[in-house]
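Novice: need a 3D model of the sequence below.
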Amino acid sequence: MENNAQYFVLTFVPLFIVIDALGILPVVISMSQDMSRREHHKMIHVATITATIVGLIFLFFGQLILRAMGISVGSFAIAGGLILLVLSITYMTTGRMMQVIREEMVAVVPIGTPLTVGPATITTLLLLATQFPIYMVLLSFALNMLIAWAIFMVGGQIARFLGQGGLKAVSRVFSLLLAAIAVSMIISGLEMLNILPG
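Specialist: Numbers count the residues shown, from 1 in each chain. Predicted coordinates for the structure are as follows:
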């Protein structure tokens, strides 16, 4: 029981940070400004479903895809960690990580992917699946998607409560934590490749 609680914390927290629903919230609000309440809710439902499906595909088939391409999980962890580190540093120094992703990556539902479940979340899911029981990673991911959906649904109230400055501050803190997770991923990848002692 104690192990399960520990596993839950160690899988839930990294996913909560990389999904960063509060950080995405300004994008959700800006994209739904001219929508009716019904259209706004429909957009959130579709975005959450899209993000969940993309996450589940990589959670269950990600390692198979990597093996088919001849890429080790260690190499993927290092590459993903470096990308996360660059993204987090970029956002902390310029405040523009969201805008860069939004402008350069086109998807049917940009909020669902790549904003909610993008390279950061996919890398984290793959790495967690090698370290913890798959059912625990699945539970943590499902709860995080439920929380993201709830945050998007009450986004207007949260934005009014925190203000634009508050939302930016929260997102900056998450970016700092994301940088720490990125370094941890790089170290884990180096250990998997036996470059560093485990």
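Novice: got a list of what Gln164 touches?
Specialist: Neighbour list for Gln164: Pro26 [criterion: Cβ atoms under 8 Å, 6 or more residues apart in numbering]. In short, each C-beta sits where N, CA and C put it, glycine included.
Novice: buried set for the host helix or strand of it?
Specialist: Using DSSP states H and E, Gln164 maps to helix 155-192. For helix 155-192, burial by neighbour count (16 or more other Cβ atoms under 10 Å) applies to 155, 158-159, 167, 170-171, 174-175, 177-179, 181-182, 185-190, 192.
Novice: any idea how far Leu178 lies from Gly163?
Specialist: Leu178 sits 22 Å away from Gly163, going by Cβ to Cβ, to the nearest Å.
Novice: what residues does stretch 137-151 touch?
Specialist: Residues contacting stretch 137-151 (Cβ under 8 Å, 6+ apart): 8, 11-12, 15-16, 19, 21-22, 24-25, 44-45, 48, 51-52, 55-56, 59, 116, 125, 128-129, 158.
Novice: those residues in helices, which ones?
Specialist: 8, 11-12, 15-16, 19, 21-22, 24-25, 44-45, 48, 51-52, 55-56, 59, 125, 128-129, 158 (DSSP state H).
Novice: drop anything exposed from the residues you listed.
Specialist: Among those, those buried by neighbour count (16+ other Cβ under 10 Å) are 8, 11-12, 15-16, 19, 21-22, 24-25, 44, 48, 51-52, 55-56, 59, 125, 128-129, 158.
Novice: look up how far His40 lies from Phe152.
Specialist: Applying Cβ to Cβ to Phe152 and His40 gives a distance of 9 Å.
Novice: oh, I was asking about Ile151
Specialist: For Ile151 relative to His40 (Cβ to Cβ), the value is 14 Å.
Novice: who has more neighbours out of those two?
Specialist: Taking other Cβ atoms under 10 Å, Ile151 and His40 do not tie; His40 has more neighbours (20 against 17).
Novice: where's that one, which helix or strand?
Specialist: Assigned by DSSP H and E, His40 falls in helix 37-68.
Novice: next structured bit after that helix?
Specialist: helix 73-94.
Novice: quick one: that following helix to helix 37-68, angle?
Specialist: Interaxial angle, helix 73-94 versus helix 37-68 (axes from the mean of the first three to the mean of the last three Cα atoms, to 10 degrees): 140 degrees.
Novice: who are the packing partners of helix 73-94?
Specialist: helix 37-68, helix 97-104, helix 119-131, helix 155-192 (3 or more Cβ pairs under 8 Å, 6 or more residues apart in numbering; DSSP states H and E).
Novice: looking at those, which has the lowest confidence?
Specialist: Least confidently modelled of the helices and strands packed on helix 73-94 is helix 97-104, at a mean of 41 by mean pLDDT.
Novice: number of residues surrounding the spatially closest residue to Ile122 that is not a sequence neighbour?
Specialist: Closest residue to Ile122 apart from its sequence neighbours, by Cβ to Cβ, 6 or more residues apart in numbering: Phe58 at 4.7 Å. Look at Phe58: counted by other Cβ under 10 Å, it has 19 neighbours.
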